[in-house]
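Visitor: Have a look; sequence and predicted model below, questions after that.
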Amino acid sequence: MEKLLEVEGLKTEFKRDGGNVMAVAGLDFHINSGEVLGLVGESGCGKSVTSLSIMQLLKGTPGRNAGGSVKFKGTDLLRLSDKEMRRVRGKDLAMIFQEPMTSLNPVLRIGKQLEEPIRLHMGYNKAKAREHAIHMLKLVGIPRAEGVMNDYPHQLSGGMRQRVMIAMAMSCHPQLLIADEPTTALDVTIQAQILDLMKRLKEERSMGMLLITHDLGVVAEMCDRVVVMYAGRVVEEAPVKELFENPQHPYTQGLIRSVPKLRQKVRRLESIPGNVPDLSRMPAGCKFAPRCPHVMPQCLTAEPELLAASGDASRKSRCWLTQETELKGGTGA
Amino acid sequence: MGLLKRPLFFSKEVSSLGRYALQRLLGVIPLLFVVSVLVFMFIHLIPGDPARLVAGKDATLEEINGIREQLGLNDPLWRQYIDYMGNLFKGDLGNSIRSGLPVSDMLASRFMPTIWLTIFSMVWAVIIGVLIGIISAVKRNRWPDHVGMITAISGISVPGFWLGLVLIQVFSVQLGWFPTGGVDSWSSYVLPSLTLGAGIMSMLARFSRTSMLESMREDYIRTGRAKGLHEFVVVGRHALRNSLIQVVTVAGLQFGFLLGGSVMVETVFSIPGLGRLLVDSIAFRDYTVIQAELLLFATEFILINLVVDLLYGVLNPKIRFDSN
């Protein structure tokens, strides 16, 4: 399968008082065309920063790219000029954000905001862009699309605004859609509608998608493959079914255990003790070691590599535990 | 809302703005009434007898009483107010106690120089001030920002009379480009406008920088960039319009103040404007002129505020829709 996006050794640095910190510390993953990749992790693990780094939207934040490459169909986006990058953004690579309430400009009409990328990237005139914008609004299931074109964002509900954002992102037929927590700010029934919509559009247009979320329910519903992030690193990568059936990394196991289950009678919801480590005070060895139930002496001194499991290249894990058993199994045979 | 639903020849948009404007306009009428009553009362609270002033030092009691009767000062206050307002609507503001000339003529001759001075000062101050604000915000903490903010601080700190005198010295006396004073030609307004606008330009530069920085942090700016828009469009179309709301507030207030005339600039540049007229009238207790000027200033301020309110409605659709 063709690799649509290939991220290798991506590093993103943040300026802070008293030195820089690595929010993203050498990230590797790829997305195949037509595939939905889930990027999962707790708040503060670098998921959103990763998406902004790929889109090169770090301007206005204290962050900057500090190495690695982001290849989109073979072209390294990090090496493009501002002008070249603008031609990719909104056209081949589109993005929707977590906050539909604030992601639209409050003083411009929906129509105007929708037409902007269409006129820019597809070269349509005003009338044709308007027509296309209305078509997009209908496509995302907005009733009375012509009327909504003349509305201002405050006249629409959160769910409607997110539909508008999706219409806007999809309007120039992107090959990859980056969705950063697209349903987090919405209530549950609307969440389901938006996810269905995204799934339908993705299938109709055979588009790749990077879905950033902390919600494992959304992952199970939407994704083909999952990358689990912790403290700016990938700790596990697996096809979605395998990840839920047999999580390898203790962090992933903890995440899955923390999801409340309907049929089980539990007194207390499980959680992973502790917090994500502060970026400026990272532990020396495995970054998850201080919170890990299976911690071993070597975890505290050396950080394991992200290695593929034997016999299954689609599964990778960054844990001494799995790599130990591999080693033991190897010597035994 | 009823009006919105009817298929008038108005679009929904025009009618919402129209309704908003009408509401504001109707609000002005009671305000003008209250202000006129207050001005009238305050003038009559000032100690001193206008009749005695009109009659002069050597007048007898009978003469003074005669003048009092003639001016209607023996009538009850409400009667005097009604008479005054009645005459006002006929364009008669009474005669100056000091010169005996009709007050309306005096105001008319002083009005235009002040208006032009205000307009010229505001136009350059707004354009340059907002430009400096935008550039400073976009190039935050880099040299254009530093240059802009140093300019702004200087503009606020330098006293107007000093700036005026320096400008006269350099551009009138030494270079001979502009007249030293008076209002004989359009070029007479250049130096006074520069002097009067400097402080306002500085204030607007600082305000627009702050509000631009605020808008640049908003999520929709990131959305604009994610669409692939040029930074120029992101700043000019998306950030600026949101920042203008605050800028309009400050500029509107300043505009109102300037319309009252600037005694300092009018004095330095010998401009026959409303500011000097007011100060002269106060010195001579020329009640009729003071009263007319106060009414004029209050009306101007109210109208400016009305315009600012309407601009809010144009700039921020939320205000317009909420008020309906």
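Guide: Right, received. Where do you want to start?
Visitor: C-alpha from now on. contacts and neighbour counts both.
Guide: OK.
Visitor: List the contacts of stretch A:52-64.
Guide: The set of residues external to stretch A:52-64 that reach it, using CA atoms under 8 Å, 6 or more residues apart in numbering or on different chains, is A:12-16, A:49, A:65, A:70, A:77-78, A:89, A:93, B:216-217, B:222, B:225-226.
Visitor: Residues of the stretch 201-324 of chain B that sit close to chain A?
Guide: When proximity is defined as CA under 8 Å from any CA of the partner chain, the stretch 201-324 of chain B approaches chain A at B:216-223, B:225-230, B:238, B:241-242, B:315-318.
Visitor: Those in helices, which ones?
Guide: Counting by DSSP state H, those place B:216, B:219-223, B:225-226, B:241-242, B:315, B:317-318 in helices.
Visitor: Let's have those residues in a markdown table, adding neighbour count, pLDDT and distance to A:Gly123.
Guide: As requested, these are exported to a markdown table (neighbours: other CA atoms under 10 Å in any protein chain shown; pLDDT from 0 to 100; distance: CA to CA, whole Å):
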| residue | neighbour count | pLDDT | distance to A:Gly123 |
| --- | --- | --- | --- |
| B:Met216 | 22 | 89 | 27 |
| B:Asp219 | 18 | 89 | 26 |
| B:Tyr220 | 23 | 92 | 23 |
| B:Ile221 | 24 | 92 | 22 |
| B:Arg222 | 20 | 91 | 22 |
| B:Thr223 | 27 | 92 | 20 |
| B:Arg225 | 20 | 92 | 18 |
| B:Ala226 | 24 | 92 | 18 |
| B:Arg241 | 19 | 88 | 25 |
| B:Asn242 | 22 | 89 | 27 |
| B:Leu315 | 19 | 85 | 28 |
| B:Pro317 | 22 | 83 | 29 |
| B:Lys318 | 17 | 80 | 31 |
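Visitor: Give me the pLDDT value at B:Leu175.
Guide: In this model, B:Leu175 is scored at 88, pLDDT.
Visitor: same question, A:Met282
Guide: What the model reports for A:Met282 is a pLDDT of 81.
Visitor: One more: A:Glu270?
Guide: 75.
Visitor: Also B:Ser187?
Guide: 80.
Visitor: dump the residue contacts of it.
Guide: B:178-179.
Visitor: And for A:Leu177?
Guide: A:93-96, A:169-170, A:207-210.
Visitor: filter the residues you listed down to the ones near chain B?
Guide: Okay, of the contacts of A:Leu177 touching chain B (CA under 8 Å from any CA), that's A:94-95, A:169.
Visitor: you'd agree A:Glu13 is in a helix?
Guide: No - the assignment for A:Glu13, made by DSSP: H, G, I helix; E, B strand; the rest coil, is strand rather than a helix.
Visitor: Please report the distance of the closest residue to it other than its chain neighbours from chain B.
Guide: Nearest residue to A:Glu13 in three dimensions, chain neighbours excluded: A:Met22, at 4.5 Å (CA to CA, 6 or more residues apart in numbering or on different chains). Distance, A:Met22 to chain B, using CA to the nearest CA, to the nearest Å: 22 Å.
Visitor: that older thread, what about the ones next to chain B among the contacts of A:Leu177, which one has the most neighbours?
Guide: Ranked by neighbour count (other CA atoms under 10 Å in any protein chain shown), the ones next to chain B among the contacts of A:Leu177 have A:Ala169 at the top, with 30 neighbours.
Visitor: What confidence value was assigned to the residue lying closest to that one once chain neighbours are set aside?
Guide: Distances taken as CA to CA, 6+ apart put A:Ala94 closest to A:Ala169, at 5.2 Å, once the chain neighbours are dropped. In this model, A:Ala94 is scored at 92, pLDDT.
Visitor: Could you do A:Leu5 as well?
Guide: 91.
Visitor: How is it assigned, secondary-structure-wise?
Guide: strand.
Visitor: and it, bridged to which residues?
Guide: Taking DSSP bridges as the rule, A:Leu5 bridges to A:Ile31, A:Phe72.
Visitor: What's the local residue count around it?
Guide: With other CA under 10 Å as criterion, A:Leu5 counts 25.
Visitor: isn't A:Ala23 right next to A:Tyr230, touching?
Guide: No - contact status for A:Ala23 versus A:Tyr230: not in contact, 10.4 Å apart, counting by CA atoms under 8 Å.
Visitor: so the residue nearest to A:Ala169 makes contact with B:Gly228?
Guide: No - using CA under 8 Å, A:Ala94 is not in contact with B:Gly228, being 9.1 Å away.
Visitor: circling back to that earlier point, among the ones next to chain B among the contacts of A:Leu177, which are in helices?
Guide: Per DSSP H, the ones next to chain B among the contacts of A:Leu177 map to helices at A:Ala169.
Visitor: Is there proximity between the longest helix along chain B and chain A?
Guide: In chain B, with assignment by DSSP H, the single longest helix is helix B:103-138. No - using CA under 8 Å from any CA, helix B:103-138 stays clear of chain A, with a minimum separation of 9.8 Å.
Visitor: which strands and helices sit next to that helix?
Guide: helix B:143-157, helix B:190-216, helix B:240-259, helix B:274-283, helix B:287-315 (3 or more CA pairs under 8 Å, 6 or more residues apart in numbering or on different chains; DSSP states H and E).
Visitor: Distance-wise, check the residue lying closest to B:Phe297 once chain neighbours are set aside relative to B:Ser281.
Guide: Excluding the flanking residues, the one nearest B:Phe297 by CA to CA, 6+ apart is B:Gly260, at 5.7 Å. Distance of B:Gly260 to B:Ser281, given as CA to CA, to the nearest Å: 14 Å.
Visitor: How about A:Val219?
Guide: For A:Val219, the distance to B:Ser281 (CA to CA) stands at 79 Å.
Visitor: got it, and A:Lys261?
Guide: Separation of A:Lys261 from B:Ser281 (CA to CA): 85 Å.
Visitor: Show me which of those two is the more surrounded one.
Guide: Neighbours per residue, other CA under 10 Å: of A:Lys261 and B:Ser281, the larger number sits with B:Ser281, 20 against 10.
Visitor: my read: the more buried one touches B:Val289, true?
Guide: Yes - B:Ser281 lies in contact with B:Val289 (CA under 8 Å); the separation is 6.5 Å.
Visitor: Mind checking what secondary structure whatever residue of the stretch 201-333 of chain A ends up closest to chain B has?
Guide: Proximity of the stretch 201-333 of chain A to chain B (CA to the nearest CA) peaks at A:Leu210, 15.0 Å away. Classification of A:Leu210 using three-state DSSP returns strand.
Visitor: Which strand residues bridge it?
Guide: A:Leu37, A:Ile178.
Visitor: contacting residues around it?
Guide: Applying CA under 8 Å, 6+ apart, we find A:Leu210 in contact with A:31, A:36-39, A:176-179.
Visitor: now B:Val35
Guide: So B:Val35 contacts B:295, B:298 (CA under 8 Å, 6+ apart).
Visitor: For the helix or strand where it lies, buried residues please.
Guide: B:Val35 belongs to helix B:12-45 when assigned by DSSP states H and E. For helix B:12-45, burial by neighbour count (16 or more other CA atoms under 10 Å in any protein chain shown) applies to B:12, B:16-21, B:24, B:32, B:35-36, B:39-40.
Visitor: same deal with stretch B:208-217?
Guide: For stretch B:208-217, by 16+ other CA under 10 Å, it's B:208-213, B:215-216.
Visitor: okay, the residues you listed in JSON lines with distance to B:Asn95 next?
Guide: Formatted as JSON lines, these follow (distance: CA to CA, whole Å):
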{"residue": "B:Ser208", "distance to B:Asn95": "45"}
{"residue": "B:Arg209", "distance to B:Asn95": "48"}
{"residue": "B:Thr210", "distance to B:Asn95": "49"}
{"residue": "B:Ser211", "distance to B:Asn95": "48"}
{"residue": "B:Met212", "distance to B:Asn95": "50"}
{"residue": "B:Leu213", "distance to B:Asn95": "53"}
{"residue": "B:Ser215", "distance to B:Asn95": "53"}
{"residue": "B:Met216", "distance to B:Asn95": "56"}
